[in-house]
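K.L.:
mind folding the following:
(2 chains)
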Number of protein chains: 2
Amino acid sequence: MSYSKLSKTKLFKGIEENDIERLLCGCSLVQKSFEKDEIIAFEGDECTSIGIILEGMVDIKKVSTSGKEYTITTLLPGDTFGEAVIFSSSNFFPATVVAKSNTTILFIPKDTIINLSKKSEKFLHNFLNILSDRILLLNSKLKESTLITLRQKICNFLLEEFKKQKSLKIKLSLSKQELAEKFNVQRPSLSRELIKMREEGLIDFGGKEIWIKNLERIEEYLYENA
Amino acid sequence: MSYSKLSKTKLFKGIEENDIERLLCGCSLVQKSFEKDEIIAFEGDECTSIGIILEGMVDIKKVSTSGKEYTITTLLPGDTFGEAVIFSSSNFFPATVVAKSNTTILFIPKDTIINLSKKSEKFLHNFLNILSDRILLLNSKLKESTLITLRQKICNFLLEEFKKQKSLKIKLSLSKQELAEKFNVQRPSLSRELIKMREEGLIDFGGKEIWIKNLERIEEYLYENA
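P.N.:
Have a look, this model is predicted:
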């Protein structure tokens, strides 16, 4: 067992290698190797373990009934799969898990997860942290996805930065081109909208800064369409 | 302390009243009453406890800098708040929590959550289940929100029902009117799109049923635009 690899994963973060060794001693665990393109779990299979990728890469795929494959994401060493499904009310894999290269996976069964959570506060904290951070990320993605107009996307961005920077003078860490890509529009469209917002007295800008001139109306663009 | 009320909450589900009493004995807990319109937590406050609503109702609100309020959701007795934030890397309330009526809240501090998780597998399981189910719900909402066209929404619905009903003949539990509301379109628009899909050989329909005629192409509508 490679405890040094495990100590670098999010689940075992902050736990010393010899503490991991002691924790896992006597626990039921399965380490298994897969060849490139081998199926690790099928969509719809019951999820009874969390998988930690020790070596290699893993694709999460949707496979249509006619056999066409669509890759949703690729996981790297240290990444895990199954952690959000295993304790859910519908504990089935929502997609197929395939070895993208020769891969070694450590499977931690549900009972062992419960045991480790009881034995190590750090492990429990890490697991809860992984799930909670996933919820915050999905919430923020969902919020972004409901922003329809470019105006709303800009207002949302300005308010988030205002909260972070605690100043109405927003320093931009992204270029105009990068901002346009973030909002999924062409650069000239972004420039036109910023100019319109300046004409309406909402903002002013120059160099790598945008000044919020009317915070109240910028907030209204977001909340009133929520 | 009302153990019978606690035993009906998601966090203590499946734990007998006297077991809850034994579990909580010696634990640090705070029960507090709030009057209507009293602020329970401000947006941006550090979240150090999970709140369980024992009596009354609670609004989760966004408040603009000018003081305008926008209610995001209302929580009822048995509901909790803070549970997705407390173990996250950014453990601050993302919105303001306000008593909608006279309200009694039981606050369970972070240390007590850790202790209860160690002492009771059922409690740990319930907490992990709440977080995991939230992730699945958000994932499915996010998936729905990326469906832009009515055609995509219909195809997504048909595929989900196909998986549930395990049949190409989909029995509708919703009326056409309810389906139209689910897809956020007018009823005639839904009817027109269904007729178009029938003309293209994708589906057929009649009464309270839709038959999938070309599963492969229906899948392609979803995955190829993912």
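
K.L.:
contacts, neighbours, all on C-alpha from now
P.N.:
OK.

K.L.:
where do the strands sit along chain A?
P.N.:
Remark: strands assigned in chain A by DSSP state E are A:30-34, A:39-41, A:49-55, A:58-63, A:69-75, A:80-81, A:96-99, A:103-109, A:169-171, A:203-206, A:209-212.

K.L.:
for B:Ala180, find the nearest of those.
P.N.:
strand A:58-63 (27.5 Å; CA to CA).

K.L.:
so what touches the closest one?
P.N.:
Here strand A:58-63 makes contact (CA atoms under 8 Å, 6 or more residues apart in numbering or on different chains) with A:43, A:69-76, A:95-101, A:103.

K.L.:
follow-up on the earlier one: what would the strands of chain A look like in CSV with mean pLDDT?
P.N.:
Output for those, formatted as CSV (pLDDT from 0 to 100):
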stretch, mean pLDDT
strand A:30-34, 96
strand A:39-41, 96
strand A:49-55, 95
strand A:58-63, 91
strand A:69-75, 89
strand A:80-81, 94
strand A:96-99, 96
strand A:103-109, 96
strand A:169-171, 94
strand A:203-206, 94
strand A:209-212, 94
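
K.L.:
can you name the residues that contact the residue of chain A most remote from its centre?
P.N.:
What lies farthest from the middle of chain A is A:Glu199; by CA atoms, centre = their mean that is 37.4 Å. By CA under 8 Å, 6+ apart, the contact set of A:Glu199 is empty.

K.L.:
contacts only, for A:Lys122.
P.N.:
A:Lys122 is in contact with A:12, A:14-15, counting by CA under 8 Å, 6+ apart.

K.L.:
show me how chain A divides into domains.
P.N.:
With domains defined by automatic domain parsing, chain A comprises A:3-145, A:147-223.

K.L.:
measure the last one end to end?
P.N.:
Between the opening and closing residues of domain A:147-223 lies a distance of 11 Å (CA to CA, to the nearest Å).

K.L.:
what does chain A put close to chain B?
P.N.:
A:64-66, A:70, A:84-85, A:87-89, A:114, A:117-119, A:121, A:124-125, A:128-136, A:138-139, A:141-142, A:145-146, A:215-216, A:219-220, A:223-224 (CA under 8 Å from any CA of the partner chain).

K.L.:
out of the residues you listed, which are inside helices?
P.N.:
A:114, A:117-119, A:121, A:124-125, A:128-136, A:138-139, A:141-142, A:145, A:215-216, A:219-220, A:223 (DSSP state H).

K.L.:
what about burial for those residues, which qualify?
P.N.:
Buried members of these, scored by 16 or more other CA atoms under 10 Å in any protein chain shown, are A:114, A:117-118, A:124-125, A:128-136, A:138-139, A:142, A:215, A:219-220, A:223.

K.L.:
low-confidence bits of chain A, can you list those?
P.N.:
Across chain A, the ranges flagged by pLDDT under 70 are A:224-226.

K.L.:
can you redo the strands of chain A as TSV with mean neighbour count and distance to B:Lys182?
P.N.:
Below are the strands of chain A laid out as TSV (neighbours: other CA atoms under 10 Å in any protein chain shown; distance: least, CA to CA, whole Å):
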stretch	mean neighbour count	distance to B:Lys182
strand A:30-34	14	43
strand A:39-41	17	32
strand A:49-55	22	34
strand A:58-63	22	25
strand A:69-75	14	26
strand A:80-81	20	31
strand A:96-99	23	28
strand A:103-109	21	38
strand A:169-171	18	39
strand A:203-206	15	37
strand A:209-212	18	38
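
K.L.:
and the ones you listed as a markdown table, adding distance to A:Ile154?
P.N.:
Converted to a markdown table, those look like this (distance: least, CA to CA, whole Å):
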| stretch | distance to A:Ile154 |
| --- | --- |
| strand A:30-34 | 46 |
| strand A:39-41 | 41 |
| strand A:49-55 | 38 |
| strand A:58-63 | 32 |
| strand A:69-75 | 28 |
| strand A:80-81 | 34 |
| strand A:96-99 | 37 |
| strand A:103-109 | 42 |
| strand A:169-171 | 12 |
| strand A:203-206 | 11 |
| strand A:209-212 | 11 |
